[in-house]
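# Just need the structure, nothing else, for what follows:
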Amino acid sequence: MRKSLYGTTALVAAGALAASPAMAEEGITLGLGGYYNTYLGVGSIDEASTETRDFHNSGIFADGEVHFKGSTTLDNGITFGVQLELEAFQSGDQIDENYAFVSGSFGRFVIGGENTAAYMMQYGAPNVGVPLNSGWITVFIPAPPGHVGSSGFRTPTLSTYVDIGNDNHGITYYSPRFSGFQIAGSWVPVTGTAGNGTGDGVQGLISDDDTQINDVLSVGANFVQDFGAVNVVVAGGFRHASGPDNLTAAQDESIEQWSGALNVGFAGFTVGGSFALEDSERLIAGQSVDGISYTAGASYGTGPWSVGGSYFHSEVEGLVATSGEDELDAVNVGVAYAIGPGIKGSVSGMWAEWEDEAGAEQDGVVGIVGMKLSF
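Residues are numbered from 1 along each chain as shown. Here you go, the predicted structure:
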């Protein structure tokens, strides 16, 4: 059935292209875009009972990418384009997202290395200043050694923006938006041994299903609509993948993730929340990321100013042979000011407390001054 569905989708797309052959006056010319974030944090971190580390009380964090992107629109209204993203710093995935796309009245097809549909359609709780609903918590207030911590990127450990894999090559279709509704679906052939983005799988035909997570199916939908002065956002997503055929201890035959969000805005105020759930026993860095996370937050914006606060909580299994769960609670409050086009400054206060299943705790409070540049 699945092969039939893929074939039908491909024929529809091919028919749309062949029915109206047309030429653009100019081909694709790449332009530059991207962002650069820089933050100075000063605070205090209480070391876990193991006392294996002596944390410095200040530090500078930076994050950025350069985007090469371009497109051209044919006379029949169909647009072809490409986007390549280069990390601004030495990284294990020096080339981040990289994909081609075709869009028109029929919707949008994306093929290449990009997050799946359910991830792209998700929303989070309102947040101002340093992002809380992401792996950035570990930058300022790290987890104790026994916690899943930063190994759980794109899992409920650190975020409600979850995915099985990370920018692995696949195909995604986005429908046009009708009366506020939009749906999308993705298929990714292979995501690597842990499903965390390793093993890009560009050459999926020679991937080893005995050892790699494969056939990720991801569906997402959202509803974004204004009702007079009230803005409503609702989002939901589901992901499923097949586990390795040669299962080791503590690995499921399948991996499933769910996510959802609700935000309501009125007169500059926005309140909302989101959640994510993973049902699996897949191991990342030797620990299970089976668990749940949720966020809640509120913000207010007027002119160039915005202020807000948000809360994040997660519980994941961690070491399978150890009873209990790895937990994280975090709070962020922030004030931001739009200095100029593409320039935003912010001041944030972050608190986080980690507790691993063995009872080791680590917490901290950090004040953060930052600037985000978009170009």
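# ok, Ile368 - contacts?
Tyr39, Leu40, Gly41, Val42, Gly129, Val130, Phe140, Ser346, Val347, Ser348, Gly349, Met350 (Cβ atoms under 8 Å, 6 or more residues apart in numbering). C-betas here are computed from N, CA, C, even on glycine.
# which element is the last one on?
With elements delineated by DSSP states H and E, Met350 resides in strand 343-355, which encompasses its position.
# With the first one instead?
Assigned by DSSP H and E, Tyr39 belongs to strand 31-46.
# if I read this right, Phe238 contacts Ser218, doesn't it?
Yes: applying Cβ atoms under 8 Å, one finds Phe238 in contact with Ser218, separated by 7.4 Å.
# Comparing those two, which residue is more hemmed in?
Ser218 (27 against 16; other Cβ atoms under 10 Å).
# follow-up on the earlier one: intersection of neighbour lists for Phe238 and Ser218?
Ala118.
# Contact partners for the nearest residue to Ser348 once chain neighbours are set aside?
With sequence-adjacent residues excluded and distances taken as Cβ to Cβ, 6 or more residues apart in numbering, Ser348 is closest to Gly129, at 3.3 Å. Going by Cβ under 8 Å, 6+ apart, Gly129 touches Gly308, Asn332, Val333, Gly334, Val335, Ala336, Ser346, Val347, Ser348, Ile368, Gly370.
# Also Thr172?
Contacts of Thr172 (Cβ under 8 Å, 6+ apart): Phe109, Val110, Ile111, Glu114, Thr116, Ala117, Met120, Ala184, Gly185, Ser186, Ser218.
# Now it, what are its backbone angles?
Main-chain dihedrals, Thr172, degrees, to the nearest 10: phi -130, psi 140.
# how close does it get to Val110?
Thr172 sits 4 Å away from Val110, going by Cβ to Cβ, to the nearest Å.
# Same check on Ile28?
Ile28 is 16 Å from Val110, by Cβ to Cβ.
# Which one's more surrounded, those two?
A side-by-side neighbour count of Ile28 and Val110, using other Cβ under 10 Å, places Val110 first with 24 against 13.
# so that one touches Phe101, yeah?
Yes: assessed by Cβ under 8 Å, Val110 is found in contact with Phe101 at 4.7 Å.
# Once you drop chain neighbours, what's closest to the residue sitting nearest the centre point of the chain?
Centroid-nearest residue in the chain, with Cα atoms, centre = their mean: Tyr161, separated by 4.4 Å. Once flanking residues are discounted, Tyr161 sits nearest to Gln122: 5.6 Å by Cβ to Cβ, 6+ apart.
# Poorly predicted segments of the stretch 101-250 of the chain, please.
Along the stretch 101-250 of the chain, segments meeting pLDDT under 70 span 193-206, 247-250.
# can we see that at 50?
198-199, 201, 249-250 (pLDDT under 50).
# Helices of this protein, residue ranges please.
Using DSSP state H, the helices of the chain run over 2-19, 117-120, 137-140.
# So which other helices or strands are in contact with the strand holding Tyr39?
Secondary-structure packing of strand 31-46 (3 or more Cβ pairs under 8 Å, 6 or more residues apart in numbering; DSSP states H and E): strand 58-73, strand 361-374.
# tell me the mean pLDDT over the longest one?
When pLDDT is averaged over strand 58-73, the result is 95.
# what about that strand, distance to the chain center?
15 Å (Cα atoms, centre = their mean, to the nearest Å).
# What residues are bridge-paired with Leu84?
Phe68, Asn98 (DSSP bridges).
# I figured it was touching Lys69, is that so?
Yes: applying Cβ under 8 Å as the test, Leu84 and Lys69 come out as touching, 7.4 Å apart.
# Tell me which of those two has more neighbours.
Leu84 (18 against 15).
# How much space separates the residue nearest to Tyr161 from Val234?
In terms of Cβ to Cβ, Gln122 sits 11 Å off from Val234.
# So for the two, which residue has more residues nearby?
Per other Cβ under 10 Å, whichever of Gln122 and Val234 has more neighbours is Gln122, with 24 against 18.
# quick one: the more buried one and Ala235 touch, right?
Yes: here Gln122 reaches Ala235: they are 5.4 Å apart, a contact under Cβ under 8 Å.
# between those two, what contacts are shared?
Gly220, Asn222, Ser259, Ala261, Ser274.
# Just list whatever residues bridge to Ser259.
Where Ser259 sits in a bridge, its partners, by DSSP bridges, are Gly237, Ala276.
# I'd assumed Asp163 was in contact with it.
No: the criterion here is Cβ under 8 Å, and Ser259 misses it with Asp163 at 9.3 Å.
# overlap in contacts of those two?
Common neighbours of Ser259 and Asp163 (Cβ under 8 Å, 6+ apart) are Ala118.
# Between the two, tell me which one has more neighbours.
The residue with more neighbours, out of Ser259 and Asp163, is Asp163; 31 against 28, by other Cβ under 10 Å.
# got the contact list for the more buried one?
Here Asp163 is in contact with Asn115, Thr116, Ala118, Tyr119, Arg154, Ser218, Arg239, Gln257 (Cβ under 8 Å, 6+ apart).
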